[in-house]
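Novice: The sequence and its predicted three-dimensional model are supplied below.
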Protein chains: 2
Amino acid sequence: MAATSTKPSTRRMADAIRVLAMDAVEKANSGHPGMPMGMADVATVLFTRFLKYDASQPAWADRDRFVLSAGHGSMLIYALLHLTGYKGVTSQSLADFRQLGSNTPGHPEYGHTPGVETTTGPLGQGLATAVGMAMAERHMAARFGPELVDHRTWVIAGDGCLMEGVSQEAIALAGRYQLNRLTVLWDDNEITIDGAVSLSDATDQLARFKACGWAVKRIDGHDEGQIRRAMAWATRQDKPTLIACRTRIGRGAATMEGSHKTHGAALGAAEIAATRLGLGWEHDPFEIPEDVARAWKAAGRKGARLRKAWQARLSDSGRAAEFERAVSGALPEGAFARLDAAIAEHTAAGTAQPTRAASGLALDALFGQVPELFGGSADLTGSNNTFVKGTQTFDAPDYAGRYVNWGVREHGMAAAMNGMALHGGVIPYGGTFMVFSDYSRPAIRLGALMGVRVVHVMTHDSIGLGEDGPTHQPVEHLASLRAMPNLRVFRPADVVETMECWKLALERRDGPTLLALSRQKTPGVRTRAMQGNPCAHGAYELAPASGPAMATLFATGTEVALALEAQRMLEAEGVRTRVVSVPSLELFLAQPKAYRDEVVGDGVRVAIEAGVRLGWDAVIGTDGGFVGMSSFGASAPAPDLYRHFGITAEAVADQVRARL
Amino acid sequence: MAATSTKPSTRRMADAIRVLAMDAVEKANSGHPGMPMGMADVATVLFTRFLKYDASQPAWADRDRFVLSAGHGSMLIYALLHLTGYKGVTSQSLADFRQLGSNTPGHPEYGHTPGVETTTGPLGQGLATAVGMAMAERHMAARFGPELVDHRTWVIAGDGCLMEGVSQEAIALAGRYQLNRLTVLWDDNEITIDGAVSLSDATDQLARFKACGWAVKRIDGHDEGQIRRAMAWATRQDKPTLIACRTRIGRGAATMEGSHKTHGAALGAAEIAATRLGLGWEHDPFEIPEDVARAWKAAGRKGARLRKAWQARLSDSGRAAEFERAVSGALPEGAFARLDAAIAEHTAAGTAQPTRAASGLALDALFGQVPELFGGSADLTGSNNTFVKGTQTFDAPDYAGRYVNWGVREHGMAAAMNGMALHGGVIPYGGTFMVFSDYSRPAIRLGALMGVRVVHVMTHDSIGLGEDGPTHQPVEHLASLRAMPNLRVFRPADVVETMECWKLALERRDGPTLLALSRQKTPGVRTRAMQGNPCAHGAYELAPASGPAMATLFATGTEVALALEAQRMLEAEGVRTRVVSVPSLELFLAQPKAYRDEVVGDGVRVAIEAGVRLGWDAVIGTDGGFVGMSSFGASAPAPDLYRHFGITAEAVADQVRARL
């Protein structure tokens, strides 16, 4: 069919997505054509009529956010970005789908492709991340007014997203906080990988969302009018909205439409040819007829007018600099003025405190200086010391508050924090017990992969929490979190180190930080002033030996005090011993060799950490001594546990003596 | 009040729980009195009228299961076990609440206390575990008939349990499979740690459960009649049942009833005295008046009659031996007959297969021999190779099937598998992609802590999965899972090793096993017959050097083939090189030193694994070479990724050469 001058139908525009998805997967011989083909009609209506965006300016702060929670359907978003004219998303990009170095990876990856707002693929994450985006939008609207912040978050989610537990946490949060700028377009195709949804699920999803405070509607996801009316309806609700879009997976496929076989594999040359015939699509792979191309490009440009008007409002607002700084993620002038003073003060005082309390003190000194700081806890506020006195709670209708009651939802909290950081204008931190990092781990990982600035405040970081017992005592968590690329794990030793680590967490712009903090009190160990921020090197000599060192003790967190005690014992026996504090093992291992060698030193090496040894051999060697845990903990008062598991100064000294 | 000969009221029996909880927490100066006091009335009705149990025989196979999902309220179950006469749960036990070595740890721990069916504390886990128990019950009833298997599962859950995402996965599963023997008693006290539930939640829980296929009812949780009628109603439903018990947290506390302050701390001497007065309870701490003690003991004995009748039915059934073997967890005679034959056959053939396919072959050889094997996948059946041809699907109404369609619910699946193993009679295994072990991690951990035999089949174990990209590529997971105490992680190298690891997984009775399996094909490397099961040592010399070794290559999984390739290159250059296969790093490190030294050998050491280095220094030392990952992966065909990230035989040889 030759290009015509008439405007193509929405159906034909959607077919462009279908064919691109089908062809790209075929070329890669890998991927998921079923979902893009099924949701092409919904996505076309969204991107041509409702989504506020300007393809030429993907970073426009007041754009609507679009999240493809069903990330395996990545060809849907790549097709949309290509068709609407996002720079760099070329037909070659689509032809290079899933190839090394292309900007069209298997699942959408934040930072790889303009217009991809978040990395998705692990199911449910996109939806939960979107909740954070919608929260950030509400808060920024409260701070800067609707003239500058007035956008929506649209999510396409699949059955898998809704089955994942994290979706429940996200849905309940959105309902509780009445996030009416959030709309979920559920690809209700009744199909999962293994077959019919009914094989494993009988949930009435509309009733479920309604029970959580959402407004819900079911439509035929291939009926343009119904789609339009439903999206218009969504924009009028005072609640988050679910639109269940009944679709056929692989819609348009000649013989495979409706089959789970279209989900995760190329359709094959014969099916593709037959599908082209059925759709009346006579163009080569990755070739778009001119009328369709033109209509799509026009849709991509439509938001430019709105963006320019917004830009003018921003310029006229008198707050452009503040807004732009906040959105850019740059910290305000003097962000650390009070914190630096506190560091000096506590160095001098040698303050003894649980490091979780130290974290509270750090927040006290930061919260007023950094208006983007936005905190919360998964129902452990008093334990996590995350609340700064006088802070208003984030809630409807005004959303000006900067503290979130996340409820017992560690996973949803972590994912939403990612969404806030991605949205911009907010620097999120959130607290829970460290053992529950297991619950939030999939979201911590996505944050590390995306490189977003999020601070995970993880208190009760060892058997030192005492009586709650092994279900609540992290043992393997430090090791397991250190294993994660681009996550920075800090376990500070006292008030001063905790404050220094907080500083590093906020200074960092390219990834998340996790603070492992003690429940129990620990003495001040950093009592002499030092140049710069020694925690930035991951490890440093805290207490030198009385002469050429015969032994070095490496310790983290509350065990640093124990190392110092062992040092005193050993020095009294004439064993010249130094102590190295290791607030971040992986950061230390990333230092230049010269620095590492200097800090590690010669002589006997013993590491002390109330966790497993895994990872420590990289510092102490296979012949080094280790005082820590090799099993799960137990329920008892903390001092009893330290004795029971042999984590004592005496045991440390014994390890040294045995190696001299 | 002196003991009377009349039967005490239910209320007075419940007060015994209240006072014991209050006093034990006070003595420990640690714990959670609010929930036991609030749910005392419900628990009393349950344990005196509905729960089928015999306190003298906690292991009776046909007992009802009681799960305290809100595990922080552990004094509720300890009080009940003490009052009903479970052996060893003495008043001294209660006085030793939360002390080292007592059988009354901070949260209920399976194996520590008779009558504690599962370890709880991490919220939502108990509920999800209970779903597995109820599934196992249905399946065992199908296998052995209602004469031998006819019991219920009762759960007490709190608001936190219902907020956790895993609860949604559990609820949806229970609804889908119409587990009408499962009843959740929700402690609907409108309070969480941070204050009112309404701070963070506005979910209509009844509507939510109903949407998931449950029958629901709300009652006054302090009204004996309502409790009785609701429990009786629950036993008549054809669906799982939720009873929302509206309670007051800390019920009975003189001034603090209804306050979140009763949740997690001792009430204090004054409040306790006043509460005693208010309840008319004039007895010393841990002293129970005789009438109350007698009534409780009678309740604990009531089930003995039912148990004896059951025992008689078992004896008469002609299937006692089979039933008892199945419940005991012992494998049947000849369990490995077909597997051993397959091992021999594939050793001879040198079969090349993806190790996930090898796992499928192992299951083929086991499934018919071990009737307790009970499999499933979180909607990745074809990818995980977990389905054995011809297997019937587990489903209502007959439940005889041995394969579960878990849906996209990795966490709920793992927790339910724990519940099945705890229930007994079933040896569960379940599949997902290895990267999603992050989703199921809290349940994997609980399984390791409890020491239950569960097999986690984790396929797509590295960048070798290719195009799906970094969201789906495990990089840190081997390290992070190896860090977990009592979890055995195997990454077999070929068909033969995979089969041997499956054997070890089933032979193991004291904890879970995780199999890390490849998507991509890998050659047979174990082509010579060996004594015993070499994988049992964690590592072994697979390919000796041509003479005294100058270098040793350590590798796991698909990288073993790569090590062999490097070995050929090096040997050709005259570098005498041996290859050690390391199916389980942590198992190897647990071997006697002499064996470890022998396997590690002298000379240059290089490890190869498509994951992070963390943990490997324990084998190769800080000066050893490592060929693996130090970042997240990328989306591309697998061979491109291996080259891109430098995981090649050439790179291995270079590492050796640089160290010679």
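Specialist: All right, it came through fine. On a predicted model such as this, the values are computed, not experimentally measured, just so you know.

Novice: which residues of chain A score low on pLDDT?
Specialist: Scanning chain A for pLDDT under 70 picks out the ranges A:1-5.

Novice: Grab the nearest non-local neighbour of A:A337.
Specialist: The shortest distance from A:A337 to any non-neighbouring residue, by CB to CB, 6 or more residues apart in numbering or on different chains, is to A:Q369 (6.4 Å). For every residue, glycine as well, the C-beta is placed using N, CA and C.

Novice: Tell me how far the one you found lies from A:A326.
Specialist: 13 Å (CB to CB, to the nearest Å).

Novice: now do A:M550
Specialist: Going from A:M550 to A:A326 by CB to CB gives 53 Å.

Novice: the more surrounded of these two?
Specialist: Neighbours were counted for A:M550 and for A:A326 using other CB atoms under 10 Å in any protein chain shown; A:A326 has more, 23 against 19.

Novice: To which secondary structure element is the more buried one assigned?
Specialist: Assigning secondary structure by DSSP states H and E places A:A326 in helix A:320-328.

Novice: Can you name the next helix or strand after that helix?
Specialist: Once helix A:320-328 ends, the next helix or strand along the chain (criterion: DSSP H and E) is helix A:337-349.

Novice: tell me the contacts of the residue nearest to A:A337?
Specialist: If you count contacts by CB atoms under 8 Å, 6 or more residues apart in numbering or on different chains, A:Q369 has them with A:P332, A:G334, A:A335, A:F336, A:A337, A:R338, A:L339.

Novice: Kindly report the same for A:L185.
Specialist: Going by CB under 8 Å, 6+ apart, A:L185 touches A:M39, A:V42, A:L46, A:W154, A:V155, A:I156, A:A157, A:I243, A:C245.

Novice: May I ask which two of those residues are separated the most?
Specialist: A:L46 and A:A157 (13.4 Å; CB to CB).

Novice: from memory A:D159 sits against A:D188, does it?
Specialist: Yes - with contact defined as CB atoms under 8 Å, A:D159 counts as touching A:D188 (7.5 Å).

Novice: What residues does the stretch 451-600 of chain A have near chain B?
Specialist: The stretch 451-600 of chain A comes close to chain B at residues A:466-472, A:475-477, A:479-486, as judged by CB under 8 Å from any CB of the partner chain.

Novice: Return the subset of the residues you listed lying in strands.
Specialist: Among these, no member falls in strands (DSSP state E).

Novice: From B:G625, how far out is A:R313?
Specialist: As for A:R313, its distance to B:G625 is 59 Å (criterion: CB to CB).

Novice: which of A:L46 and A:A157 has more neighbours?
Specialist: Counted by other CB under 10 Å, A:L46 and A:A157 do not tie: A:A157 has more neighbours, with 26 against 21.

Novice: what about the closest residue to the more buried one other than its chain neighbours, distance to B:Y86?
Specialist: Leaving aside its chain neighbours, A:A157 sits nearest to A:S69 (4.2 Å; criterion: CB to CB, 6+ apart). A:S69 sits 48 Å away from B:Y86, taking CB to CB as the criterion.

Novice: Likewise for A:A344?
Specialist: Note on A:A344: its distance to B:Y86, by CB to CB, is 58 Å.

Novice: more neighbours, the two?
Specialist: Applying other CB under 10 Å to A:A344 and B:Y86 shows that B:Y86 carries more neighbours, namely 24 against 12.

Novice: correct me, but that one touches B:N103?
Specialist: No - between B:Y86 and B:N103 there is no contact under CB under 8 Å: 9.7 Å.

Novice: ranges for the helices of the stretch 251-400 of chain A?
Specialist: Taking DSSP state H, counting those that start in this stretch to define them, one finds helices in the stretch 251-400 of chain A at A:269-279, A:290-301, A:304-316, A:320-328, A:337-349, A:355-367, A:381-384.

Novice: right, so of these, which gets closest to A:A572?
Specialist: Using CB to CB, the helices of the stretch 251-400 of chain A put helix A:337-349 closest to A:A572, at 26.1 Å.

Novice: what comes into contact with the closest one?
Specialist: Taking CB under 8 Å, 6+ apart as the rule, helix A:337-349 contacts A:358, A:361-362, A:365-366, A:368-369, A:494-496, A:499-500, A:502-503, A:524, A:526-529.

Novice: repeat that for 10 Å
Specialist: Outside helix A:337-349, the residues within contact range by CB atoms under 10 Å, 6 or more residues apart in numbering or on different chains are A:334, A:336, A:351, A:353, A:358, A:361-370, A:494-500, A:502-503, A:506, A:524, A:526-530, A:533.

Novice: among those, which ones are buried?
Specialist: Neighbour-count burial within these applies to A:336, A:351, A:353, A:358, A:361-363, A:365-367, A:369-370, A:494-500, A:502-503, A:506, A:524, A:526-527, A:533; the criterion is 16 or more other CB atoms under 10 Å in any protein chain shown.

Novice: Tell me the spacing between the residue nearest to A:A157 and B:S635.
Specialist: Remark: distance between A:S69 and B:S635 (CB to CB) = 18 Å.

Novice: Looking at A:R313 and B:G625 now, which is surrounded by more residues?
Specialist: Applying other CB under 10 Å to A:R313 and B:G625 shows that B:G625 carries more neighbours, namely 22 against 14.

Novice: does stretch A:428-440 come close to chain B?
Specialist: Yes - residues of stretch A:428-440 contacting chain B under CB under 10 Å from any CB of the partner chain: A:F433, A:V435, A:F436, A:S437, A:D438, A:Y439, A:S440.
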